[in-house]
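Undergrad: My questions concern the predicted model and sequence given below.
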Amino acid sequence: MSSLSRELVFLILQFLDEEKFKGTVHKLEQESAFYFNMKYFEEQVQAGEWDEVEKYLRGFTKVEDNRYSMKIFFELRKQKYLEALDRNDRAKAVEILVKDLKVFSTFNEELFKEITQLLTLDNFRMNEQLSKYGDTKSARSIMLVELKKLIEANPLFREKLAFPTFKASRLRTLINQSLNWQHQLCKNPRPNPDIKTLFIDHTCATNNGGRGPPPTNSSLAGPIPKAGIFPPIGAHGPFQPVISPSAGAISGWMAPANPSMPHGAIAAGPPGLVQPPPIAAAFLKHPRTPPGGPGLEYQMADSEQLMKRARVGPPDEVSFSGSSHPPNVYSPDDLPKTVVRTLNQGSNVISMDFHPQQQTLLLVGTNVGEISIWEVGSRERMVHKPFKVWDISACSMPFQTTLVKDAAVSVNRCIWAPDGSILGVAFSKHIVQIYTYNPPGELRHHLEIDAHAGGVNDIAFAHPNKQLCIVTCGDDKIIKVWDAVAGRRLHTFEGHEAPVYSVCPHYKEQIQFIFSTAIDGKIKAWLYDGLGSRVDYDAPGLWCTTMAYSADGTRLFSCGTSKEGEAHLVEWNESEGAIKREYSGFRKRSMGVVQFDTTKNRFLAAGDEFQIKFWDMDNINMLTVTDADDGLPARPKLRFNKEGSLLAVTTSDNGIKILANGDGQRMLRMLESRVYEGSRAFSDTVKPSIPGPLGPIHNVASSMASAVERDRMQTPLSINSLANAESSKVVDIKPRIVDGPDKTKSWKLPEIVDSAHLKALRLPDPMPASKVMRLIYTNSGLALLALASSAIHKLWKWQRNERNPFGKSSASIVPQLWQPTNGAVMSNDVNESKPAEESAACIALSKNDSYVMSASGGKVSLFNMMTFKVMTTFMAPPPAATYLAFHPQDNNIVAIGMEDSTIQIYNVRVDEVKTKLKGHQKQITGLAFSQTLNSLVSSGADAQLCIWNINGWEKRKSRSLQPPPGHQSSLVGETKVQFHNDQRHFLVIHESQIAIYDHQLECLKLWSPRESLSAPISSAIYSCDGLLLFTGFSDGAVGVFDAESLRLRCRIAPSAYISSSISSSNSTAYPMVIAAHPSDPNQVALGMSDGSVHVIEPTDADPKWGDSPPQGNGTLASSNPSSSALNSQPSETPSR
């Protein structure tokens, strides 16, 4: 293939990539074999798309080409084989072995035999060479490092790993230059050429002497361009303009310092968002001769005349046949205009947002700082939260000191995160609050951030670097970006000269950016690189402006309101930084700021003149209006749901109207019918009065309907990295509050006393009984590991069979007490001078379940979980190890609590104690790391708590455990700690109490034994989702508590899980340790003082433990903002 043809392929690749024909791009890369896209190759490997990986690779090389190629294919197929074994998919593994790996047997028969023998092992990690194989993701990453080296060394890939550097949109540029050239050669060039095809050369048709109709008469045409040049094809057609806009165009704000970019970088954004072409007119030259010969296919030809005609400044719009958006497939009937619901909020609604997945769930924020969540289908207000500062001590002094001046606080913005797992609220004074949301309608505190001095005017969610973040802006003229998990500030953008009114985060491929608007009318754009604003434009109206993209992210709109009350709704040409079109229909000046929204990539809606006005995105004239049966304010707030089938609109009487189209009405009717069916089912099976979370519910048919609806219609959501976010309302109750026994008098406590009311299983154990000191589930949840006082480990595995195809742990299926084929037993080293039964036992499991570290008074042992072999021992006593915890970022670093009250930070790899921490007076009994807080919390038999910085290992703070009410003397005795999933609060367990502490070692919640659970506490642990707290007592009872309030949900009597024959012979057995299942929040295992292990879980008929306890009066904030809210300086930002 000639050099020019090769270059043409690269131009086509760039064009396809810019137009987002991703599949075609990679198909052409493979078939031409000119460019090996390493990034695409890595993505496919990481995704496990093995067939596509090999197909793409075979475009460049084959197995037998050379030793590098052979090694590449072998590594890929070996990984595919190991993953099949890891899934226990033996049939697939055999197929891969025969079909894919057998070809390598002719080159290395011994290696093939060794690979085949892996089929005979229960776990291929029992093979010594594969013992360090981690999880699938890490194994693929390690393999990719090796593959990249092999590809780079392979001569067949030479000069194919780098894409040539040339300017963005090069093919477009060449085509537009050709069109300009053709138009220049027209004998009578028309000022507004009608370009309908690229298949033949362009010529301006004659009019037979008559004047053609002006372009404005055509519905496809925009304003008339300046005469004399072929205009660039529009931004949303197949080609982008080559005539550059003014120097301030938005196309420049994404441009990197390097003027030319490789293929991979250009993929990160569409033309105009990556690199603006140079001003064409500055380089145009008059040709010496016109093109006449056949060999001038790529000849450039421009003229001085064209230079005189070139446009400068903001471009006018010209549309051409075939270059506009796809035809409108919607009609005005698709718009939601029929009023189907009216909701009474009770205060002026400022902001609304529909849930991104549950289409009938509406989040509402008001002018008195309250937030609500409405299920519009049932008209039920599921959540109502008056404004309350969760932790006033953590807020700034300016915020605190203004409480007496003006306590009124309003919601400025409330919004769901993209997956609906969390929501954010921005208030008119200083703070934002982030809640986690559970589908039954449960909100839990996650983060409270003192974000800005003055009001927080907007809040949004973004994903820079694939990390969920919160973006805020405020009266202090600053934009800030926060980590959505820990609340750390990640970025600060300064440059606005007035309060920032709104933010609009967005991305184009891999490029993340933020638009912001201020009340001086300035629009700025920011990348997450700290290099300042990329643009500085004036928004129409020069006052309050909000920006929004269409649902598909391709079109940018803004709606601005001037101080005089004039509204401007416009679409922007991103590539040129200019207004593409301004929509008409705002005829009167009015008080307030216009709010707008987009839907279906087709319609715009705005609230104005006591109406809702609608536009087609491609037509500046108003499409239709509705007054929603009257009752709207002058400029109502509005919000579409994701599908565009519902529209929420505020009313002048502090309510909300829900408008629907045909699809929305059908959806609501379906919900109503399901609610009705659910209520009938309940009326047939439920007694007239049933216990509810706030007392007995008598009207079963109506009260249960909404619950049935939610159970059927609201699918549980994945919360990603925030799945384990804040699930405790403990920050509500500073200063500390201790629950009194009177809080639950009106609520009947469920008590499980019979084995028929739960599922319980005593695990088989033929070994001599010795009390269970430690008990943990494996991280996979498929096995249980116990350490007995005899220093022997016991491992139970649930086998795969027809009843249990996935081998899941269950109280319904008896597991096997497992041992490797060599019959080995994992037994700890013991101290000859002290019996093992009297020694402290400790255990820690590696993240991939491959290794366990353990001690029983003697040396610390490291075992291989597949073979039970001792890999190494260390730390010979005295002193003996009493507690073990792996460092969260490095499995080679272990914190070891010692019998002499020190904590040793030990590096296993180099067999070295890095440092010793001193702060306790008695032996260490608990250690817990928080990666979020960068801290280690320790507890000891002295009932002391210490918190250490894990960077320098200095002690931050220490304090004695707070005694419960009525306890006169200071506490002593074994104390354990466990961090909550939010990594910011931790549980403290002592025989006298369970308590929640924060990172300042402040006690936030405390519960002490009383009434039906009056025995000393023996053990406690959070459920895997952080919502429940399982607590064992020395009389054998187990209490299930609500983790956020420490209120008791139910009590499990020992008679429910210990058979009568066993309990009569040993009435003192009690759970010494409780293990929580890593993925099932309702399953726990109990390690007993008599050596037995029991697995318990709720029945299938009632799959949860007890009912949610009632909330005490002290946990709800006052609905009167003047008594509960804190505020700051008056905001100069207008009210929304």
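TA: Here it is on my side, so go on.
Undergrad: Please, where are all the strands along the stretch 751-900 of the chain?
TA: Taking DSSP state E, counting those that start in this stretch to define them, one finds strands in the stretch 751-900 of the chain at 751-752, 759-762, 772-777, 783-788, 793-797, 816-818, 842-845, 851-855, 860-864, 870-874, 881-886, 893-898.
Undergrad: Direction included, what does the second one pair up with?
TA: So that's strand 759-762. strand 1093-1097 (antiparallel) (DSSP bridges).
Undergrad: likewise the shortest one?
TA: Looking at strand 751-752 with DSSP bridges, its paired strands and their directions are strand 1047-1052 (parallel).
Undergrad: So which other helices or strands are in contact with the following helix or strand past the strand it pairs with?
TA: Following strand 1047-1052 in sequence order, the next helix or strand is helix 1054-1057 (DSSP states H and E). Contacts defined by 3 or more Cβ pairs under 8 Å, 6 or more residues apart in numbering; DSSP states H and E place helix 1054-1057 against strand 1093-1097. All C-beta spots, glycine's among them, are computed from the backbone N, C-alpha and C.
Undergrad: What are the buried residues along the strand it packs on?
TA: Judged by neighbour count using 16 or more other Cβ atoms under 10 Å, the buried positions of strand 1093-1097 are V1093, H1094, V1095, I1096, E1097.
Undergrad: Take the strands of the stretch 751-900 of the chain and lay them out in TSV including mean pLDDT and distance to V485.
TA: Below are the strands of the stretch 751-900 of the chain laid out as TSV (pLDDT from 0 to 100; distance: least, Cβ to Cβ, whole Å):
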stretch	mean pLDDT	distance to V485
strand 751-752	90	36
strand 759-762	94	35
strand 772-777	96	24
strand 783-788	95	29
strand 793-797	95	34
strand 816-818	92	37
strand 842-845	94	24
strand 851-855	92	28
strand 860-864	92	32
strand 870-874	91	34
strand 881-886	94	20
strand 893-898	94	22
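Undergrad: Can you tell me which of these is nearest to V98?
TA: Checking the strands of the stretch 751-900 of the chain against V98 by Cβ to Cβ gives strand 793-797 as the closest, at 29.2 Å.
Undergrad: Just want the angle from the closest one to strand 1093-1097.
TA: 40 degrees (axes from the mean of the first three to the mean of the last three Cα atoms, to 10 degrees).
Undergrad: neighbouring strands for strand 793-797, and are they parallel or not?
TA: Checking strand 793-797 against DSSP bridges gives partners strand 783-788 (antiparallel), strand 816-818 (antiparallel).
Undergrad: what angle do that strand and strand 851-855 make?
TA: Going by the same axes, to 10 degrees, strand 793-797 makes 150 degrees with strand 851-855.
Undergrad: Can you show me the CA trace of strand 793-797 as CSV?
TA: C-alpha atoms of strand 793-797 as CSV (Å, rounded to 0.1, in the frame of the first residue of the first chain):
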residue,chain,number,x,y,z
HIS,A,793,-7.8,-24.0,63.5
LYS,A,794,-11.0,-25.5,62.0
LEU,A,795,-12.2,-24.7,58.5
TRP,A,796,-15.8,-25.4,57.4
LYS,A,797,-16.6,-25.2,53.6
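Undergrad: which residues sit against it?
TA: Residues outside strand 793-797 that contact it (Cβ atoms under 8 Å, 6 or more residues apart in numbering) are 763-765, 767, 782-788, 807, 815-819, 825-828, 852, 854, 863, 865, 868, 1093.
Undergrad: what's the spacing between L761 and G553?
TA: 52 Å (Cβ to Cβ, to the nearest Å).
Undergrad: Just the buried residues from the contacts of strand 793-797, in ChimeraX please.
TA: A single ChimeraX command selects the buried members of those (16+ other Cβ under 10 Å):
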select :763,765,782,783,784,785,786,787,788,807,815,826,827,828,852,854,863,865,868,1093
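Undergrad: do you know how far N344 is from K613?
TA: 25 Å.
Undergrad: Ok, which of the strands of the stretch 751-900 of the chain comes nearest D663?
TA: strand 759-762 (43.0 Å).
Undergrad: Low-confidence ranges, the stretch 101-250 of the chain, go.
TA: 191-192, 194, 205-250 (pLDDT under 70).
Undergrad: Show me the helices in it, by range?
TA: Assigned by DSSP state H, counting those that start in this stretch, the stretch 101-250 of the chain shows helices spanning 109-117, 136-153, 170-184.
Undergrad: who's I893 bridged to?
TA: N907.
Undergrad: and what of the one 4 residues further on?
TA: Residues in a beta bridge with G897, per DSSP bridges, are Y883, I903.
Undergrad: For it, list the residues it contacts.
TA: 842, 881-884, 903, 923-927, 938, 940 are the contacts of G897 under Cβ under 8 Å, 6+ apart.
Undergrad: before we move on, the earlier item: identify whichever of the helices of the stretch 101-250 of the chain lies nearest to A1075.
TA: Closest among the helices of the stretch 101-250 of the chain, using Cβ to Cβ: helix 136-153, at 25.3 Å.
Undergrad: Quick check: buried residues in the strand or helix carrying I947?
TA: Assigned by DSSP H and E, I947 falls within strand 944-949. Neighbour-count burial for strand 944-949 flags Q944, L945, C946, I947, W948 (criterion: 16+ other Cβ under 10 Å).
Undergrad: one step back: tell me which of the strands of the stretch 751-900 of the chain sits nearest to Q978.
TA: Between these, strand 881-886 lies closest to Q978; by Cβ to Cβ that is 10.6 Å.
Undergrad: Now do that closest one against strand 893-898, angle only.
TA: Using the same axes, to 10 degrees: strand 881-886 against strand 893-898 is 160 degrees.
Undergrad: Counting by contacts, list what strand 881-886 packs against.
TA: So strand 881-886, by 3+ Cβ pairs under 8 Å, 6+ apart, packs with strand 842-845, strand 851-855, strand 893-898, strand 924-930.
Undergrad: right, so of the ones you listed, which gets closest to K337?
TA: Closest among the helices and strands packed on strand 881-886, using Cβ to Cβ: strand 924-930, at 52.0 Å.
Undergrad: Next SSE downstream of that closest one?
TA: strand 935-940.
Undergrad: And L971, what's its pLDDT?
TA: Note on L971: pLDDT of 90.
Undergrad: try F603
TA: At F603, pLDDT is 92.
Undergrad: Now for it, how many residues are close by?
TA: Residue crowding around F603 was assessed by other Cβ atoms under 10 Å; the count is 23.
Undergrad: And for R6?
TA: 12.
Undergrad: Assign it to helix, strand or coil.
TA: helix (DSSP: H, G, I helix; E, B strand; the rest coil).
Undergrad: Apart from its neighbours in sequence, what residue is nearest it?
TA: Residue nearest to R6 in three dimensions, not counting chain neighbours: F34, with 6.1 Å by Cβ to Cβ, 6 or more residues apart in numbering.
Undergrad: what do you get for G857?
TA: Per Cβ to Cβ, 6+ apart, closest to G857 is S839, 2.6 Å.
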